[in-house]
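A.B. asks: sequence below, structure please.
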Amino acid sequence: MKAPLLALLLFSVSAQAAVSVVDDAGQRVTLARPAQRVISMAPHVTELLFAAGGGPRIVGAMNYSDYPAAARSIPLIGSNSQIDIERVIAMKPDLLIVWQSGNTARQIAQLQGLGIPVFHSEPRKLDEVATSLLRFGQLLGTESVARAAAGAYQAKLAALRTRYAQRPPVTVFYQAWDSPLYTLNGEQIASDAIRACGGRNIFAELKTVAPQVGVEAVVQKDPEAIVGGKLYTPQDRGLSIWQPYKGMTAVRRNNLFTLDEELLTRPGPRVVDGAAALCARLDEARARRSH
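C.D. replies: Numbering: from 1, shown residues only. So this is what the prediction gives:
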């Protein structure tokens, strides 16, 4: 057998070989061959799939899957409140990637009942974005693209950590929503970004990932900086709710910082850019200590 023909056959066998990885729920997911038709059940999953070289394989996605631009043309299969199961079946996926924090238990149970392999994606630490890229590359057979993306991400993250490793700590309240008042605990990736910047999440110890807290509790903890997301409607008050509390350190020093929470809380490759923006704001808080 001629060498080029042998190489072609070996490549064909490799492309069809079974792949097996462990997901973020600790369950092993095995596919008879690399996935060709994937449904993404979360915006961060869509971003990870594109970065890992699997964008063309996504046949359906959850609402808010808006990055990169090509993701906006992917047919939607539902929202975080309701999934069109019939449409999911009609798309004939060979892999479903779900998000336990964003998809309801009922939705996940419905999907698992279809007999289609289900991978749970739940990156909660900055480092886990890179491992997610590598595992998606395995699942899709796009390892070379995934390795390059993971390497670039890890290099940016390492540089950020080195730069801020010796910074003095800053106590931070992360405002996820203003009415009612919600924050994030230490298990959400934004909290890991706060740590990477030398910050300390004042509610990191709470058990719920996105707990509701009282204004009084925040005032009592007196954070040095308050970080929140951009406003979406005229009814949003954002960080302006803290202006009456002139005695708070964050208010007194004007350390009320609005960031793009999509970058900071969505556990995809862009989270390192969100972390960099956060680190710059916490440096502003440090600089104001002497004034």
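A.B. asks: for this structure, which segments are assigned as helices?
C.D. replies: Along the chain, the stretches classed as helices by DSSP state H are 3-16, 43-51, 85-90, 105-112, 127-140, 143-164, 189-196, 215-221, 249-252, 261-265, 271-287.
A.B. asks: pick the most buried one from these.
C.D. replies: Mean neighbours per residue, mean count of other CB atoms under 10 Å, is largest over the helices of the chain for helix 43-51, with a mean of 27. All C-beta atoms are positioned from the backbone trio N, CA, C, and that covers glycine.
A.B. asks: please work out which residues outside that helix touch it.
C.D. replies: Here helix 43-51 makes contact (CB atoms under 8 Å, 6 or more residues apart in numbering) with 38, 40, 55, 57-58, 61-62, 64-68, 70-71, 74, 97, 99, 121, 123, 129, 132-133, 136, 140, 146, 149, 266-270.
A.B. asks: also stretch 126-138?
C.D. replies: Residues contacting stretch 126-138 (CB under 8 Å, 6+ apart): 19, 21, 23-24, 48-49, 51-54, 121, 123, 142-147, 149-150, 153-154, 157, 189, 192-193, 196, 267-269, 271-272, 275.
A.B. asks: pLDDT of it, averaged?
C.D. replies: The average pLDDT for stretch 126-138 rounds to 98.
A.B. asks: let the chain start at 4 from now.
C.D. replies: Done: numbering now begins at 4, and the last item shifts to stretch 129-141.
A.B. asks: so how far is that stretch off the chain centroid?
C.D. replies: Taking the mean of its C-alpha atoms, stretch 129-141 sits 11 Å from the chain's own mean (CA atoms, centre = their mean, to the nearest Å).
A.B. asks: repeat for stretch 46-59
C.D. replies: Using CA atoms, centre = their mean, the offset of stretch 46-59 from its chain centre is 12 Å.
A.B. asks: also stretch 174-186?
C.D. replies: 18 Å.
A.B. asks: ok, stretch 114-122 next?
C.D. replies: That offset, for stretch 114-122, works out to 22 Å (CA atoms, centre = their mean).
A.B. asks: and it, end to end?
C.D. replies: Distance across stretch 114-122, first residue to last, is 11 Å (CA to CA, to the nearest Å).
A.B. asks: buried set for that stretch?
C.D. replies: Neighbour counts over stretch 114-122 (16 or more other CB atoms under 10 Å) mark 114, 119-122 as buried.
A.B. asks: what lies in contact with that stretch?
C.D. replies: 24, 26, 32-34, 44, 86, 88, 91-92, 96-101, 111, 142.
A.B. asks: drop anything exposed from those.
C.D. replies: So, by 16+ other CB under 10 Å, the buried ones in the contacts of stretch 114-122 are 24, 26, 32, 34, 44, 86, 91, 96-101, 111, 142.
A.B. asks: out of those, what pair is the most spread apart?
C.D. replies: Farthest apart among the buried ones among the contacts of stretch 114-122 by CB to CB are Val24 and Ile86. That separation is 23.8 Å.
A.B. asks: got a pLDDT number for the closest residue to Leu184 other than its chain neighbours?
C.D. replies: Counting by CB to CB, 6 or more residues apart in numbering, Val216 is the residue found nearest to Leu184 once chain neighbours are left out, at 5.6 Å. The confidence metric pLDDT takes the value 98 at Val216.
A.B. asks: Val216 contacts Leu187, doesn't it?
C.D. replies: No. Look at Val216 against Leu187 with CB atoms under 8 Å: they stay out of range, at 10.3 Å.
A.B. asks: more neighbours: which of the two?
C.D. replies: Neighbours were counted for Val216 and for Leu187 using other CB atoms under 10 Å; Leu187 has more, 25 against 18.
A.B. asks: how about the contacts made by that one?
C.D. replies: 177, 179, 193-194, 204, 206, 212-213, 268.
A.B. asks: out of those residues, the closest to Ile244 would be?
C.D. replies: Ala179 (13.0 Å).
A.B. asks: how about that closest one, what does it touch?
C.D. replies: So Ala179 contacts 185-187, 213, 231-232, 264, 268 (CB under 8 Å, 6+ apart).
A.B. asks: farthest-separated two in those?
C.D. replies: Pairwise over those, using CB to CB, the maximum falls at Ala213 and Gly231, 13.6 Å.
A.B. asks: flag the shaky bits of the stretch 154-294 of the chain, pLDDT-wise.
C.D. replies: 234-239, 294 (pLDDT under 70).
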